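Participant: based on what follows, work out the 3D shape:
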Amino acid sequence: MKPFAGQLLDAIRRHQLLEPNERVLVAVSGGCDSVVLLRSLHALAEGEGWRLEVAHFNHCLRGVESDADEAWVKALAASLSLPCHVGRGDPRAFAEAEGISIEMAARALRHQFLAEAAREQGIGKVALGHHADDQVETFLLRLLRGTSGEGAGGMHWSAVSPVASGIRLVRPLLDCSRQAVTQVARAAGWTWREDSTNSSRDALRNRIRHELVPLLQANYQPALREVIRRFMDVTAAEAECVAHTARDWLDLLSEDPRGTFDPTSPPSTDVGSSAARPTFSEVRKEEGTAFDALPLAVKRQVLLRQLRKLGVATDFGLVERLLEAGGVKTEVAPGRRVWRDERGLVHEAAVGESAFRPDRLTVGLGESSGEVDFARLRIQWDSFDAPAGGVPAPARGVEWFDAEALGGRVTLRHWQAGDRFQPIGLPSPAKLQDLFVNARVSRPERHARIIAETGQGTVFWVEGLRIGEVAKVRPGSRRLLRWAFRRASE
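Facilitator: Numbers count the residues shown, from 1 in each chain. Model prediction:
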């Protein structure tokens with residue numbers, strides 16, 4: 001057995017990615033990584049009894065070049081006598097409809113196709129060609145966009161498909177560098193397709209690959225890839241511990257929903273009985289509830305898991321509002337509100353309950369300019385490359401932001417209890433209610449003020465206050481967004 005094939009098989013067995021005689025759908029773009037994965041698995045398939053099939057998704061973003069990739073992958077599959085399944089999509093239209101980047105739209109459509117193809121063929125595993133360099137780039141990408149400990153842990157060797165719980169994604173090349181994968185292909189004389197957009201600096205991931213990673217390696221940490229991979233391993237393990245504790249907490253509540261554990265009763269130590277899980281009295285403090293006594297990371301995960309189970313789109317801001325404002329109804333969709341009780345359980349508010357219900361509107365910034373009317377406020381925006389002379393002079397009713405910091409979409413809404421905001425000049429986020437008090441904004445006026453937050457749930461603009469630190473224009477800002485606003489009465 002050749003050295004690389006042996007290493008690959010060892011990784012597959014060590015991480016329990018594939019079982020003998022299993023059917024596997026291999027995602028093949030035509031690039032070097034996926035070609036090496038397919039050919040290597042094919043070389044091992046006879047000895048392991050694997051039955052491989054090929055899947056290719058045509059994003060239709062590069063015209064005839066995309067179609068040529070599709071034809072090339074079909075020919076490769078035929079040369080290996082493997083079935084080939086092809087799908088097509090329109091990421092540009094999907095991105096515009098969802099207010100997200102084209103890259104995110106392409107990823108969503110690709111995962112949807114892979115899951116559908118696997119289900120149609122009765123296959124439970126999809127093999128992907130992600131490698132160690134992809135892992136590092138993903139970490140930096142998530143870091144710049146804002147992520148949790150779970151997200152900072154990066155891609156896993158094996159994970160459930162984001163769109164189909166019955167399909168698992170496996171990544172056998174995850175500890176191989178891009179350079180190592182390319183060397184394998186060249187040594188074997190294998191050909192592959194080059195994606196011309198990989199050299200473009202338009203996509204953030206490409207700028208990370210071609211600019212940020214070389215800069216960090218040259219000037220700050222030569223062993224950047226190893227350092228980040230070690231950090232991701234540690235973070236992933238810690239995030240798993242937090243998630244396990246959160247699951248355990250929710251299990252305890254489901255077993256005793258009223259929290260009536262006998263304080264004098266010791267925890268169970270029977271073999272196979274969840275191994276001495278703590279009673280409520282062991283985590284309850286004299287002041288506050290048992291939920292209040294949990295570590296902050298666990299509390300966040302407890303809320304996050306419940307929101308996901310309810311099918312609520314989550315972000316950092318929503319979780320923080322529920323943490324700070326127990327009992328307060330928070331709108332998560334038109335006509336739908338949730339709240340948490342003192343034990344940390346999330347509930348949906350009954351339809352028709354009286355409460356302040358802030359409006360909410362998601363605005364896509366995919367176009368270079370646009371306008372929207374929201375709660376008697378008209379907002380117009382324009383984005384363009386940063387001029388050499390810096391930001392234009394300020395004017396009444398106009399703000400300037402770093403367009404890339406805002407991302408592809410923002411949300412307009414009203415103030416809610418628990419909102420936090422970090423205006424320029426403030427060292428850390430503060431309760432927006434306190435900022436309103438300091439600015440002498442009356443309570444009725446607070447509900448009328450419009451707030452804008454990023455796709456990650458970070459408030460970057462509050463009508464009448466200084467702009468947010470998160471999206472301010474910096475010396476290195478590449479693109480600017482002009483944000484003009486006025487009331488209907490003005």
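Participant: show me what secondary structure element comes after the least confident helix or strand in the chain by mean pLDDT.
Facilitator: Least confident element among the helices and strands of the chain, by mean pLDDT, DSSP states H and E: helix 280-283 (a mean of 45). Using DSSP states H and E, the helix or strand that follows helix 280-283 in sequence is helix 290-293.
Participant: how about the strands of the stretch 51-200 of the chain, start to end?
Facilitator: 51-58, 84-88, 125-127, 158-160, 168-170 (DSSP state E, counting those that start in this stretch).
Participant: meant to ask about the stretch 301-450 of the chain
Facilitator: With DSSP E, counting those that start in this stretch, the ranges of strands along the stretch 301-450 of the chain come out as 330-333, 336-340, 346-348, 360-364, 369-374, 377-385, 398-402, 409-414, 420-421, 430-431, 450-454.
Participant: now those in JSON lines, with distance to G122 and mean neighbour count?
Facilitator: (Each C-beta comes from the backbone N, C-alpha and C, glycine too.) Shown next, in JSON lines, are the strands of the stretch 301-450 of the chain (distance: least, C-beta to C-beta, whole Å; neighbours: other C-beta atoms under 10 Å):
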{"stretch": "strand 330-333", "distance to G122": "35", "mean neighbour count": "18"}
{"stretch": "strand 336-340", "distance to G122": "36", "mean neighbour count": "20"}
{"stretch": "strand 346-348", "distance to G122": "36", "mean neighbour count": "15"}
{"stretch": "strand 360-364", "distance to G122": "37", "mean neighbour count": "15"}
{"stretch": "strand 369-374", "distance to G122": "45", "mean neighbour count": "13"}
{"stretch": "strand 377-385", "distance to G122": "46", "mean neighbour count": "16"}
{"stretch": "strand 398-402", "distance to G122": "48", "mean neighbour count": "20"}
{"stretch": "strand 409-414", "distance to G122": "37", "mean neighbour count": "20"}
{"stretch": "strand 420-421", "distance to G122": "48", "mean neighbour count": "23"}
{"stretch": "strand 430-431", "distance to G122": "53", "mean neighbour count": "14"}
{"stretch": "strand 450-454", "distance to G122": "41", "mean neighbour count": "23"}
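Participant: identify whichever of these lies nearest to L52.
Facilitator: Closest approach to L52 among the strands of the stretch 301-450 of the chain is made by strand 409-414 (38.6 Å; C-beta to C-beta).
Participant: now do the buried residues in the strand or helix carrying L38.
Facilitator: Element membership of L38, judged by DSSP H and E, is helix 32-48. Across helix 32-48, burial judged by 16 or more other C-beta atoms under 10 Å covers 32-45, 48.
Participant: adding mean pLDDT and mean neighbour count, write the strands of the stretch 51-200 of the chain out as TSV.
Facilitator: Shown next, in TSV, are those (pLDDT from 0 to 100; neighbours: other C-beta atoms under 10 Å):
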stretch	mean pLDDT	mean neighbour count
strand 51-58	96	21
strand 84-88	94	17
strand 125-127	96	22
strand 158-160	90	13
strand 168-170	95	21
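Participant: export these to JSON lines and tack on distance to L323?
Facilitator: Converted to JSON lines, the strands of the stretch 51-200 of the chain look like this (distance: least, C-beta to C-beta, whole Å):
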{"stretch": "strand 51-58", "distance to L323": "39"}
{"stretch": "strand 84-88", "distance to L323": "41"}
{"stretch": "strand 125-127", "distance to L323": "36"}
{"stretch": "strand 158-160", "distance to L323": "27"}
{"stretch": "strand 168-170", "distance to L323": "31"}
